[in-house]
Structure formats: C-alpha cells, structure tokens
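In: structural data only, the sequence is not supplied:
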C-alpha cells in the first residue's frame, strides 16, 4: 500500500487520507516509523505540495500517534519536523523547538539524550 502511494509524484489530500486510512489499524509505534519514512521521501522530493503534505502528516502524528512506551518513536517524528522547518520552511525557531523535542525523546545512545546545536543555516550533532 505504501509503495503504491509513494508512486504518486505530488501528494494532495486524497493521498494523505489514504495514508491515514492505512495506518488506522496499526500500533502507534508502527505509525510513527511509517510517517517518518513517508515524510522523509516527500521532503526529499521537495515540491511545495509534498512539503505541505509532509507537514500535515507529521503534525497529525504528534496529535494522534504518540501513545507509545518507547519515546524513540516520538523522536523520529520530531526529528523529521525539525528537518522540515529548517530546510523547507526556513523557520529556525520551529526547527530548534522540534530538534529539542527530538533530543529529549531520543534515548538510542545508551539512554543518553543526544544534543543538537542549531546554526543559522544547518544543524549538526555535537
């Protein structure tokens, strides 16, 4: 199903709706992973409509898919939101906010939170 949706070059409301319908019966952990993967591809394409679709999907995920035991799944979504706002919207305040939320939820490094430093044009791990 996801592969078929990703064949659509420009995402609009019908594709977003199909994605949400597909995700309905999955666990929130799976939803977060799929949302992260799909929006990564949409952001990579870079067209305005795809970036807008990614934003809608990611914001929806933060509001509906965060009933998870492992916060690393939340971190996936927050990281992608940080990328969206940094690279596509150039809203560095929002990018910093979401990267900070990513940092607080990311425990993949031996339960030590990652640290991010935001510069005026890029973010990098410290």
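Out: Arrived safely, thanks for sending. Because the structure is a prediction, the values reported are computed rather than measured. Residues are numbered from 1 along each chain as shown.

In: for the nearest residue to residue 20 once chain neighbours are set aside, give me the pLDDT.
Out: Of all residues not flanking residue 20 in the chain, residue 60 sits nearest, at 7.1 Å (Cβ to Cβ, 6 or more residues apart in numbering). In short, each C-beta sits where N, CA and C put it, glycine included. Looking at residue 60, its pLDDT is 98.

In: show me where this structure has helices.
Out: Taking DSSP state H, the helices of the chain run over residues 2-6, 13-23, 28-45, 48-64, 72-83, 92-105.

In: looking at these, which is buried most?
Out: helix 72-83 (a mean of 23; mean count of other Cβ atoms under 10 Å).

In: and that helix, how far out from the chain's middle?
Out: With Cα atoms, centre = their mean, to the nearest Å as the basis, helix 72-83 stands 5 Å off its chain's centre.

In: so for that helix, what's the average pLDDT?
Out: 98.

In: quick one: list the elements packing against it.
Out: helix 28-45, helix 48-64, helix 92-105 (3 or more Cβ pairs under 8 Å, 6 or more residues apart in numbering; DSSP states H and E).

In: make CSV from the ones you listed and add distance to residue 76 to it.
Out: Output for the helices and strands packed on helix 72-83, formatted as CSV (distance: least, Cβ to Cβ, whole Å):
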stretch, distance to residue 76
helix 28-45, 4
helix 48-64, 9
helix 92-105, 8
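
In: wait, which of the ones you listed is closest to residue 70?
Out: helix 28-45 (6.8 Å; Cβ to Cβ).

In: I'm done for today, thanks for sticking with me.
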